[in-house]
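Peer 1: Sequence and predicted structure, then a few things I'm wondering about:
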Amino acid sequence: MEVTIVMGSSSDSKVMKGAVEALDACGVEWEARILSAHRMPEELKAYIEGQVAAGTRVFIAGAGLAAHLPGVIASYTVRPVIGVPIRAAFDGLDALLSIVQMPKGVPVATVGVNNSYNAGLLAVQMLAMGGSAGGLVGGLVGGSAGGSKGDRQSWGDTFAPEQGLEQAPEPGLESGLESGPEPKTKRELEQKTKTMNLERQLQKLRQERAEKLMKEPQNREVFE
Ligand code: AIR
């Protein structure tokens, strides 16, 4: 599935229906699961890793209260995560702040409280820019999405580091990067190569940050 939807509780499903509405309207296939970051942390990790390997390109995660689900998912993958704060207490402000205030290095795109429909639309927009949702969002974002000549630049064209883009990815280097349908055309192959190189770059940045953290002082040294 190109989009995977996760929510923290069955009590979130009414709100999360909006995301499904937007995805269905654009013909984007999705899969949904109820998995709580706090109540089932191990099952959540295994599921996300499985979905990445199976080719999910965008995650949508909704939760209320101490809404750590989107952030925890974002810590397991460099694929984009869209967080939906769900109103369960404090008018949803608790969930909104829990989702939006991610630390540097692990972003989560956050939509408005209970606005899962926008999360669905944003996911489709992301897919369209990656060139895989051919023609899906013509009516939604304007222009002819899906890689025809003259459409907007793909995100790879815009943000890729200068070096390394032309280099073909080494198969089997990182699990998850090989996922998704096999490219059929030269353009699809180029797009996939760009995506894989960008993901590799994102993983490298995370790795560097993690390695720096590993060198932080420990025990008594922390307070010195
Ligand atoms: N939640 C579940 N596990 C961790 C969190 N933060 C959230 C759910 C739901 C709220 O807690 O996403 O919005 C209440 O869940 P429940 O199951 O008690 O109804």
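Peer 2: Yep, that arrived. Because the structure is a prediction, the values reported are computed rather than measured. Numbering: from 1, shown residues only.
Peer 1: need the contact list for residue 19.
Peer 2: 5, 30, 60, 62, 84, 116-117, 119-120, 123 (C-beta atoms under 8 Å, 6 or more residues apart in numbering). The C-beta positions use only the backbone N, C-alpha and C, and glycine is treated the same way.
Peer 1: Show me which of these is closest to the ligand.
Peer 2: Distance to the ligand, by C-beta to the nearest ligand atom, is smallest for residue 62 among those, at 6.8 Å.
Peer 1: count of residues packed around the closest one?
Peer 2: Counted with other C-beta atoms under 10 Å, the neighbours of residue 62 add up to 30.
Peer 1: And what about the residue nearest to it when sequence neighbours are not counted, helix, strand or coil?
Peer 2: Residue nearest to residue 62 in three dimensions, not counting chain neighbours: residue 84, with 3.7 Å by C-beta to C-beta, 6 or more residues apart in numbering. For residue 84, the secondary-structure state derived from DSSP: H, G, I helix; E, B strand; the rest coil is strand.
Peer 1: Point to the residue nearest the middle of this structure.
Peer 2: Central residue of the chain (C-alpha atoms, centre = their mean): residue 80, 2.1 Å from the mean position.
Peer 1: re the thing from before, in contact with the residue nearest to residue 62, which residues?
Peer 2: Residue 84 makes contact with 15-16, 19, 60-63, 70, 99, 111, 114-116, 119, according to C-beta under 8 Å, 6+ apart.
Peer 1: of all these, which comes closest to the ligand?
Peer 2: residue 63 (3.6 Å).
Peer 1: gap between residue 39 and residue 116?
Peer 2: Per C-beta to C-beta, to the nearest Å, residue 39 is found 21 Å from residue 116.
Peer 1: out of these two, which sits in the busier spot?
Peer 2: Between residue 39 and residue 116, counted using other C-beta under 10 Å, residue 116 has the larger neighbour count: 27 against 11.
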